[in-house]
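Asker: Predicted model and sequence follow; I will ask about them next.
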Amino acid sequence: MSNISYNQREEAYELPYKLWDEMMTVRFYTDSEETIIANLSDIAKKLARLDGGRNTIAAMLIDDGFYEGGNAEALAKLLKLRNVYVDIDEDETVVCFETGTDDGYMENYVHVELFGELFEISGWAE
């Protein structure tokens, strides 16, 4: 039996998943549950990359001027994760999420996308 459910309001499939030591709901934007199952290996690899990428993301936030502090290791411990979703199409699987802190050194959360093995900050989250 699958833990995947469909959220009609979000028009997305959902699955509980543990990321950054917290259980959260990951949304999947795709046509069918079968597409998720068929791409499960790639999805698991990308979510594992996100789960282990906290320090990388922290360094990017500092280098790109989104965070006013200067210690990536300390920032990594403060980062929070929200709005994680996976966009699956015929060409590739992209993991998108928002991350930030509530410590006053960031203007807002930022939107980040994981293409292949590379994180890309696309700007401030809305």
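Answerer: Yep, it's here.
Asker: Point to the residue nearest the middle of this protein.
Answerer: Centroid-nearest residue in the chain, with CA atoms, centre = their mean: Phe97, separated by 3.3 Å.
Asker: What is the burial count for the nearest residue to that one once chain neighbours are set aside?
Answerer: With sequence-adjacent residues excluded and distances taken as CB to CB, 6 or more residues apart in numbering, Phe97 is closest to Val84, at 4.4 Å. For the C-beta atoms, the positions are set from N, CA and C on the backbone; glycine is no exception. Residue crowding around Val84 was assessed by other CB atoms under 10 Å; the count is 19.
Asker: what comes up buried for stretch 36-56?
Answerer: For stretch 36-56, a neighbour-count test (16 or more other CB atoms under 10 Å) marks Ile36, Asn39, Ile43, Lys46, Leu47, Arg49, Leu50, Gly53, Arg54 as buried.
Asker: thought the fifth one was touching Val95?
Answerer: Right, Leu47. Yes. Assessed by CB atoms under 8 Å, Leu47 is found in contact with Val95 at 6.5 Å.
Asker: Spit out the residues that contact the two alike.
Answerer: Residues touching both Leu47 and Val95 (CB atoms under 8 Å, 6 or more residues apart in numbering): Val86.
Asker: Now Tyr109. Nearest residue, chain neighbours left out?
Answerer: The spatial neighbour of Tyr109 that comes closest, neighbours along the chain excluded (CB to CB, 6+ apart), is Gly100 at 3.4 Å.
Asker: Done for today, thanks.
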